[in-house]
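Novice: Sequence plus predicted model, see below.
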Amino acid sequence: MKRRDFLKNIGAASILSTSGGRAAWADADLDMIPKLFKSSDPAIMALLEKVYSECVLGKVFPAEAPMEHNWIAPGGGYRGQWIWDTMFVVDLLSILPGKEQVIRDVFQNYWDFQPRWNAKTPEYAHDMIPCMIVPGKNDWDKFPAYSQIPILAWGLERVYRRNGDKLLIQQALEPLERFHDWYWRERDVTNIGLVAVGSYSGDIQHARFETFDFECNLDELKLTPHPTRGGANEGAWYGDICAAGNTAYLLIGERSLVTLAEIAGDKAMAARRMVRIEKAVEAMRTHMWDEAAGTFLSVKRDTLEKVPVATIGSWMGLPAGAATPAMAGRMAEVLAGPNWQTPLPVCTVDRSDKRWKSDGFWRGDVWPATNYQIASGLSAYGHKKLAAVIADKTVANAIANGISERYDAISGKKLGVEYLGMTCTTITLMLDGLCKEHRLKLKKGR
């Protein structure tokens, strides 16, 4: 069952109208779009306005308990502020003038959650931030009892680079570092530098919800008690597969946390985080790299045996900076091949895998957000032509077929939630200069 279908079934979601977020923003914000951006292509400008209207501004909502501040929903009628969906939205929101307080509010919801959670949980669980914070939900200390892809620090860095809001960083650094420490403590339970998934609920699908819900590399996942702690009141909460994707995402977050600490003048924090980065990079290169597959593979937690399938998470070692230049070259070679270059790339599992299906949920479909991250990583390693192929095809498909959560890897047709917030990355691909054919820039002075 998909995470969002699951939420519908338990009654944690209710339908939000497309215009429901307009209480938190004004039409004047949309009037700013042509003053801030430039492109000679009318189709790009039309896509830009639609993305800002539906995927960015239309996702901002006023405070609703337990969130005491403005919050951001993912879309599709799902109520709650997720982690990774939200970071792509605040990145683009921060380009608009006067949005500093709204964005501080969004992040404050995460930091406010920690003391509430800590008051009701044992010390080892302290400082978790959940996958989503759901308004009006009374059993928030029991569900969700799991987190999500840890890119809060990346989102903060992106916002700061857009609007220079130092107050945002000052408010975030302490709780953000505590969240990272929770992640390593509760997900790197063998202390090798590789993180797994898990859930304090003991529900195995909840654990999968911490990453790409239905990645094939987690088909054989099992939850076990903590392998060393052995607490009397603890359950089987810890996944036995270390995920290449989530380890890479925590590395991405750690690199941003170093940058944020340096901006704030906290050299000690930056040094602490660098130790984590170096350990995780070495662990990924030693245990997860697979030359034959040409990418990073997830591994069994206790034996470090590789799980023999490459998935979308395998490529996150590129934006994480986990690959050596030689490894990145091999990854680019494989990504350019037929197993990954579907008519609309990049599919979410190796096309040669028997479970691959062009519209399969994380089993062959295509997501703009992961394409953005893969293209960013390829470009950072100098593979700009391949990055542009992926980026341009992603943008062209959104123009041709509309804005949606995900797409069929063969036909390019829309799948899932229309106007999902993080599909705003179709715009970020262009703003970051990853496209060759599709050009969009900020006007000078922005």
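Specialist: That came in fine, so what should we check first?
Novice: Could the C-alpha coordinates of stretch 336-353 be exported in PDB?
Specialist: Taking C-alpha atoms only, stretch 336-353 is exported to PDB below (Å, rounded to 0.1, in the frame of the first residue of the first chain):
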ATOM      1  CA  ALA A 336      23.500   6.600 -20.100                       C
ATOM      2  CA  GLY A 337      22.700   3.000 -21.000                       C
ATOM      3  CA  PRO A 338      19.300   1.400 -22.000                       C
ATOM      4  CA  ASN A 339      18.600   0.000 -18.500                       C
ATOM      5  CA  TRP A 340      18.100   3.600 -17.200                       C
ATOM      6  CA  GLN A 341      17.600   5.800 -20.300                       C
ATOM      7  CA  THR A 342      14.000   5.000 -20.900                       C
ATOM      8  CA  PRO A 343      12.200   7.300 -23.300                       C
ATOM      9  CA  LEU A 344      11.500   9.500 -20.200                       C
ATOM     10  CA  PRO A 345      14.500   8.900 -17.900                       C
ATOM     11  CA  VAL A 346      15.400   8.100 -15.100                       C
ATOM     12  CA  CYS A 347      13.300   5.100 -14.200                       C
ATOM     13  CA  THR A 348      13.200   4.100 -10.600                       C
ATOM     14  CA  VAL A 349      14.600   0.600 -10.900                       C
ATOM     15  CA  ASP A 350      17.000  -1.100 -13.300                       C
ATOM     16  CA  ARG A 351      15.000  -1.900 -16.400                       C
ATOM     17  CA  SER A 352      16.400  -5.400 -16.500                       C
ATOM     18  CA  ASP A 353      14.900  -6.300 -13.100                       C
END
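Novice: Pro144 should be in a strand, yeah?
Specialist: No. Pro144: not assigned to a strand; according to DSSP: H, G, I helix; E, B strand; the rest coil it is coil.
Novice: Which stretches in the stretch 301-446 of the chain count as helices?
Specialist: Taking DSSP state H, counting those that start in this stretch, the helices of the stretch 301-446 of the chain run over residues 325-335, 368-380, 384-401, 425-431.
Novice: Go ahead and confirm Cys347 touches Thr370.
Specialist: No. At 10.1 Å, Cys347 and Thr370 do not qualify as touching, with contact defined as Cβ atoms under 8 Å. Heads up, the C-betas are built off the backbone N, CA and C, glycines and all.
Novice: where do the contact lists of the two overlap?
Specialist: Common neighbours of Cys347 and Thr370, counting by Cβ atoms under 8 Å, 6 or more residues apart in numbering, are Ile312.
Novice: any idea how far Glu291 is from Leu304?
Specialist: Distance, Glu291 to Leu304, by Cβ to Cβ, to the nearest Å: 16 Å.
Novice: Compare those two (neighbour count), which wins?
Specialist: Comparing Glu291 with Leu304 by other Cβ atoms under 10 Å, the one with more neighbours is Leu304, at 15 against 9.
Novice: List the residues that contact the more buried one.
Specialist: Leu304 neighbours (Cβ under 8 Å, 6+ apart): Ile192, His287.
Novice: Check the offset of stretch 359-368 from the chain's centre.
Specialist: Its chain's average C-alpha position is 15 Å from that of stretch 359-368, according to Cα atoms, centre = their mean, to the nearest Å.
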